[in-house]
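Asks: sequence first, then the predicted structure, then my questions.
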Amino acid sequence: MSELTIQRPVIFVWVVVTLMLTACAGPWNTAPDRLSGPQWSITPPEGWMHLSTQESEMLSKDGPYLEYILLQSRPLAQRFRHTKQKLNAGMLPHEAARLITDNMRTDPLIRQFRLLASEPAMVGGHDGFRLTYTYKDPSGVEIKTIYCGVILPDRFFNLRYTATQRHYFEKELPAFNQVVESLRFVLN
Amino acid sequence: MTPPYRYVAAWMMATLVWAAPLYALDAVAASNQTPRLWRLAAQEQAMLEQRGVVLHEASLSSYLQTVAGRLWEQVSTDLNAPAINVVVDTRMEAYAYPNGYFFLSTGILNQIENEDQLAMIIAHEMVHYVRQHTAVLYDHFQMSIHSTGLSYADQGQRDGGLAMKLKIDAAERQADDEGLVILKAAGYCETEVLSLMSNLLNSMLDQGGGEAVGQLENRIKTMKSLIGQARDSVSCTSAPVGSHVFFLNRIAPALLANAQSALTCGDWNQADRSISKYLVLNPEDARAYYLQGEVLRRRNNGDGKNQCMESYKKALKIDPEFPLAHRALGELYFKAGRFQTAKPYFEAFLSLAPQDDAREYIKGYLRQCQN
């Protein structure tokens, strides 16, 4: 009896969340040969799937719970979810990188956040940064991410690769590096 | 135990610990779930340790245990004495786990002005612990599930959660009432409680208020009637200025940690408040001036350079080998296009902190200065 009564709301929430997600985003499709936005374009890895949402583009080969590449171009003034700090056009790459790690550190769902590396990097031909970090998600799964970011005149562009630390991260890392190399900006 | 019961227990712990709703009981009651709740509490505490948010400062811990010990002498119980811990968190929180581990956030320590106020918070949590409110509420809802056949989620929603709210209010009243008795018996000044609550209320209003404001206002009214005072702000003759200074000195590590945490969160007002309080008593601390500079710089999105520059320079005057102040000044001059001025600061930073996370960036900026 208890199990049934507990499971009912769980199933209901799951259905509602699924409906909401499908309402906000289109279905997963085979990634096109070249994916582009108003100011950028990349070459997705061959055979990967693509999901477009209002705020980002996601690519995955085996499913987003195992690995994904996320691309986001957001207005500089847009607030972050956890830290109240804001980006601005005059920031140096490492100042922007620090803001991103501060946002991660203040995320209550992220456990055991560890910054493995923070380095300057050319992102689409612009001075940016590259972070490598690990953390545990609420289920205790160890996740590893490479986060490339760059401040453009009016936007903050970021491209990240996230995968489970075991098995998947190393496996698809070359695919991500190729995506980063394929990145081009078209700025006025 | 079936999995749903595990979820119920976990949910209960989370609710009790983070939202601080505790249920009052007329007598101390040991739940038959006590060992299980204690185990869950220990798991939560281990998680806090793993997240690296527990502040380990021997002098601060020793001071908090001394205050708790003085209060604990007034309590008649077979339970073990509580262990007081500090968690680096800018939210204003204090909570007691059923196994006697108390956590005070650096955010709430930042709001406290003296030892009497600190004692009231600890005394309040002691009542929750001694009364084992967590276990009692857990048992209450378990019994309710069995008698009504409703799920745990449905129990919580019944009457719009009114039944639960009433029990929580009753627990808080009990903790206030009995906490005050412990406070007085230990020789602390009870009227300081009103100043503390008034400070907490103002901070809540600064942060946008919310449902908790009304609850706190009601508790202030009740507390005023308990203390027999009707004024908004009452100062205690037994709490001279010296005790305020003594207290701030004891909690100084928590103030510094709170300033750093507030900076990470982008809570400039709180960071500024913590660092200002810290600097009054520690005017020769280079790190504190550096943090003050960071608050000024980041709050103004890089504008207001003169103000933050002054703080960084003060830091270097106190400790010419403080690397972060060198880096900050180098960045400011670099961004202003004054490369030759920036250069020695970057060089000093790299020589003083060769392993810093930012070293590769600074090497790059330095190359640009040299070109």
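Replies: Structure received.

Asks: tell me the phi and psi of A:F156?
Replies: phi -110, psi 120 (degrees, to the nearest 10).

Asks: next: B:A119.
Replies: phi -60, psi -40.

Asks: show me the shaky parts of chain A.
Replies: Filtered on pLDDT under 70, chain A yields the residue ranges A:1-26, A:188.

Asks: let me fix that: the stretch 1-150 of chain B
Replies: Ranges of the stretch 1-150 of chain B meeting pLDDT under 70: B:1-32, B:144-150.

Asks: helices along that one, start to end?
Replies: Remark: helices assigned in the stretch 1-150 of chain B by DSSP state H, counting those that start in this stretch are B:3-18, B:34-51, B:58-72, B:106-109, B:115-130, B:133-148.

Asks: what of chain A?
Replies: A:2-24, A:93-105, A:168-182 (DSSP state H).

Asks: report the contact partners of A:I100.
Replies: Listed by C-beta atoms under 8 Å, 6 or more residues apart in numbering or on different chains, the contact set of A:I100 reads A:131, A:147, A:149, A:158. For glycine as for every other residue, the C-beta is placed from the backbone atoms N, C-alpha and C.

Asks: intersect those with the contacts of chain B.
Replies: Applying C-beta under 8 Å from any C-beta of the partner chain to the contacts of A:I100, one finds that nothing falls near chain B.

Asks: for the residues you listed, give me TSV that also has distance to B:V280 and neighbour count.
Replies: Formatted as TSV, the contacts of A:I100 follow (distance: C-beta to C-beta, whole Å; neighbours: other C-beta atoms under 10 Å in any protein chain shown):
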residue	distance to B:V280	neighbour count
A:L131	37	23
A:Y147	39	20
A:G149	39	22
A:N158	41	22
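
Asks: from those residues, which single one is nearest chain B?
Replies: A:L131 (9.8 Å; C-beta to the nearest C-beta).

Asks: that older thread, return the member of the contacts of A:I100 nearest to B:R299.
Replies: A:G149 (22.0 Å; C-beta to C-beta).

Asks: wait, that closest one sits on A:F129?
Replies: Yes - using C-beta atoms under 8 Å, A:G149 is in contact with A:F129, at 5.5 Å.

Asks: in chain A, which strand is the longest?
Replies: When chain A is parsed with DSSP state E, its longest strand is strand A:111-123.

Asks: would you mind listing the buried residues in that strand?
Replies: Judged by neighbour count using 16 or more other C-beta atoms under 10 Å in any protein chain shown, the buried positions of strand A:111-123 are A:113, A:115, A:118-121, A:123.

Asks: what's the answer for stretch A:162-178, then?
Replies: The neighbour-count check on stretch A:162-178 (16+ other C-beta under 10 Å) flags A:162-164, A:168-169, A:172, A:175-176 as buried.

Asks: contact partners for the residue nearest to the spatial centre of chain A?
Replies: Geometric centre of chain A, nearest residue: A:L70, 3.7 Å, by C-alpha atoms, centre = their mean. Contact partners of A:L70, counting by C-beta under 8 Å, 6+ apart, are A:56-59, A:158-160, A:162.

Asks: so which of those is the closest to chain B?
Replies: Among the contacts of A:L70, A:N158 lies closest to chain B (C-beta to the nearest C-beta), at 17.0 Å.

Asks: who's in contact with the closest one?
Replies: If you count contacts by C-beta under 8 Å, 6+ apart, A:N158 has them with A:70-72, A:74, A:100, A:147-150.

Asks: what about it, distance to A:S36?
Replies: 16 Å (C-beta to C-beta, to the nearest Å).

Asks: ok, now A:I100?
Replies: Taking C-beta to C-beta, one finds A:I100 at 24 Å from A:S36.

Asks: quick one: the spatially most central residue of chain B from B:D206, how far?
Replies: For chain B, the residue sitting closest to the mean C-alpha position, by C-alpha atoms, centre = their mean, is B:S105 at 1.7 Å. From B:S105 across to B:D206, the span is 16 Å (C-beta to C-beta).

Asks: ok, how many other residues are close to the nearest residue to B:L352 once chain neighbours are set aside?
Replies: Of all residues not flanking B:L352 in the chain, B:P323 sits nearest, at 3.9 Å (C-beta to C-beta, 6 or more residues apart in numbering or on different chains). By other C-beta atoms under 10 Å in any protein chain shown, the residues close to B:P323 number 19.

Asks: was I right about B:V87 contacting B:H56?
Replies: No - counting by C-beta under 8 Å, B:V87 stays clear of B:H56, with 11.0 Å between them.

Asks: contacting residues around the spatially closest residue to B:K277 that is not a sequence neighbour?
Replies: Excluding the flanking residues, the one nearest B:K277 by C-beta to C-beta, 6+ apart is B:L255, at 5.5 Å. Counting by C-beta under 8 Å, 6+ apart, B:L255 touches B:106, B:109-110, B:248, B:274-275, B:277-278.

Asks: avg pLDDT for whichever helix or strand B:L255 is part of?
Replies: With elements taken from DSSP states H and E, the one containing B:L255 is helix B:241-265. Helix B:241-265 shows a mean pLDDT of 91.

Asks: tell me the buried residues in that helix?
Replies: Per 16+ other C-beta under 10 Å, helix B:241-265 contains these buried residues: B:243, B:247-248, B:250-265.

Asks: immediately after that helix, which helix or strand?
Replies: helix B:268-281.

Asks: show me what that next one is packed against.
Replies: In terms of contacts (3 or more C-beta pairs under 8 Å, 6 or more residues apart in numbering or on different chains; DSSP states H and E), helix B:268-281 is packed against helix B:241-265, helix B:286-299.

Asks: any buried residues in that helix, and which?
Replies: B:268, B:270-275, B:277-279.

Asks: tell me the one of those nearest B:L71?
Replies: B:K277 (24.3 Å).

Asks: the buried residues of strand A:111-123: which ones sit near chain B?
Replies: A:115, A:118-120.

Asks: could I get those as TSV with distance to B:C308?
Replies: As requested, those are exported to TSV (distance: C-beta to C-beta, whole Å):
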residue	distance to B:C308
A:L115	25
A:S118	22
A:E119	26
A:P120	24
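
Asks: on that earlier part again, of the helices of the stretch 1-150 of chain B, which is nearest B:M197?
Replies: Closest approach to B:M197 among the helices of the stretch 1-150 of chain B (C-beta to C-beta): helix B:115-130, 8.9 Å.

Asks: quick one: the closest one to helix B:58-72, angle?
Replies: Using axes from the mean of the first three to the mean of the last three C-alpha atoms, to 10 degrees, the direction of helix B:115-130 lies 70 degrees away from that of helix B:58-72.

Asks: which other helices and strands does helix B:115-130 contact?
Replies: helix B:58-72, strand B:94-96, strand B:101-105, helix B:162-185, helix B:192-206, helix B:241-265.

Asks: what residues of stretch A:32-44 count as buried?
Replies: Across stretch A:32-44, burial judged by 16+ other C-beta under 10 Å covers A:35, A:39-40, A:42-44.

Asks: next: stretch B:329-347.
Replies: For stretch B:329-347, burial by neighbour count (16+ other C-beta under 10 Å) applies to B:329-335, B:339, B:342-343, B:345-346.

Asks: start and end of that stretch, how far apart?
Replies: Chord length of stretch B:329-347, first to last residue, is 12 Å (C-alpha to C-alpha, to the nearest Å).
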